[in-house]
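> Have a look at this prediction, sequence included:
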Amino acid sequence: MLGGIAGIYGALAYIVTMMVFLVVLEYPSITNPAEKVAMIVNDQATVIAMTWLSYILFGVFLVVLALALYERLHAKDAARMKIATVLALIWATLLIASGLIFSHGAGVVAGMYDTDPDRAVLLWQGIEVVSSALSFIDGELLGGLWMLLVGLSALKSEGLGKALCVWTAGVGIVGIISILPFLNTLSAVFGLGQIVWFVWIGIDLLRGTTRANQLSTSKMH
């Protein structure tokens, strides 16, 4: 049950965050550091809320989903699922750290902006570099490896439908190759592919829980 909910949350977090950061705040399109800090100051509450939604809470739900998939698939492919789960936990930890740095930094920068705007801009540039590096802005290596290994394990164990297995592995491969400098833009494709995957895997896990409960109830009777 929790794994399915975590999957659905992952998709919703992606969609809401993309809408707010890309459409409402237009954060990626702001290239001037001073304008970016001014936007953060003016929309501080929204920026921090979206950071918690898309990084910190997302990381927590990612842990839940990774453990749920481990429980589903490890019986027939334990070694690969152990590696996959460790990678997912590391990825989740780094995303949470990135979000905490971004969120706290936004508050600090907003607090000093009125008295020392130049220093605030300089500080934010440092915060943004660190936060972006932790969130794998230059390629989705850990997320890609996790999904590839989960997809391969699911194919071997037949723990997920074949189409879902292929989609999982395919999105994982896209994430891995997005670390190449000339293919960094594939990170966006990875993100879109993950939205579909989070919904798909979430529904699959929820259905699995329902089937298990039905079997348990029938055995009791």
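Now that the structure is in, tell me what you want to look at.
> Provide a list of residues in contact with the spatially most central residue of the chain.
Taking CA atoms, centre = their mean, the centroid of the chain lies closest to F58, which sits 5.8 Å from it. By CB atoms under 8 Å, 6 or more residues apart in numbering, the contact set of F58 is Y9, G10, A13, L95, G99. In short, each C-beta sits where N, CA and C put it, glycine included.
> Run through the residues that contact the nearest residue to the last one once chain neighbours are set aside.
With CB to CB, 6 or more residues apart in numbering as the measure, Y55 is the residue that lies nearest to G99, at 2.7 Å, once sequence neighbours are left out. Listed by CB under 8 Å, 6+ apart, the contact partners of Y55 are L95, I96, S98, G99, L100, F102, S103, S135.
> any weak-confidence spans in this protein?
Along the chain, segments meeting pLDDT under 70 span 209-221.
> how much space is there between the residue nearest to G99 and G3?
From Y55 across to G3, the span is 20 Å (CB to CB, to the nearest Å).
> Secondary structure element holding the residue nearest to the centre of the chain?
Applying DSSP states H and E as the criterion places F58 in helix 57-73.
> Pull out the buried positions in that helix.
Of all the residues in helix 57-73, those buried under the rule 16 or more other CB atoms under 10 Å are 57-59, 61-70, 72-73.
> related to what we said a few turns ago, of the contacts of Y55, closest to W197?
L95 (16.5 Å; CB to CB).
> distance of the closest one from V41?
The spacing between L95 and V41, counted by CB to CB, is 25 Å.
> could you pull out the helices for the protein?
2-18, 33-42, 44-51, 57-73, 78-113, 117-134, 141-157, 162-177, 186-220 (DSSP state H).
> My understanding was that I96 contacts S54; is that so?
No - I96 is not in contact with S54 according to CB atoms under 8 Å; the separation is 11.1 Å.
> These two: who's more crowded?
S54 (23 against 19; other CB atoms under 10 Å).
> who are the neighbours in contact with the closest residue to that one other than its chain neighbours?
Leaving aside its chain neighbours, S54 sits nearest to T17 (3.8 Å; criterion: CB to CB, 6+ apart). Residues near T17 by CB under 8 Å, 6+ apart: M50, L53, S54.
> Tell me how far the closest residue to Y9 other than its chain neighbours lies from S187.
Leaving aside its chain neighbours, Y9 sits nearest to F61 (4.7 Å; criterion: CB to CB, 6+ apart). Counting by CB to CB, the separation of F61 from S187 is 20 Å.
> One more: A169?
18 Å.
> Repeat that for F102.
With distances taken as CB to CB, F102 is found 17 Å from S187.
> higher neighbour count, these two?
Under the neighbour definition other CB under 10 Å, F102 and S187 were set side by side, and F102 has more, 26 against 20.
> Dump the helices of the chain to JSON lines, plus distance to L25.
Putting the helices of the chain into JSON lines (distance: least, CB to CB, whole Å) gives the following:
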{"stretch": "helix 2-18", "distance to L25": "10"}
{"stretch": "helix 33-42", "distance to L25": "6"}
{"stretch": "helix 44-51", "distance to L25": "7"}
{"stretch": "helix 57-73", "distance to L25": "18"}
{"stretch": "helix 78-113", "distance to L25": "12"}
{"stretch": "helix 117-134", "distance to L25": "14"}
{"stretch": "helix 141-157", "distance to L25": "24"}
{"stretch": "helix 162-177", "distance to L25": "25"}
{"stretch": "helix 186-220", "distance to L25": "17"}
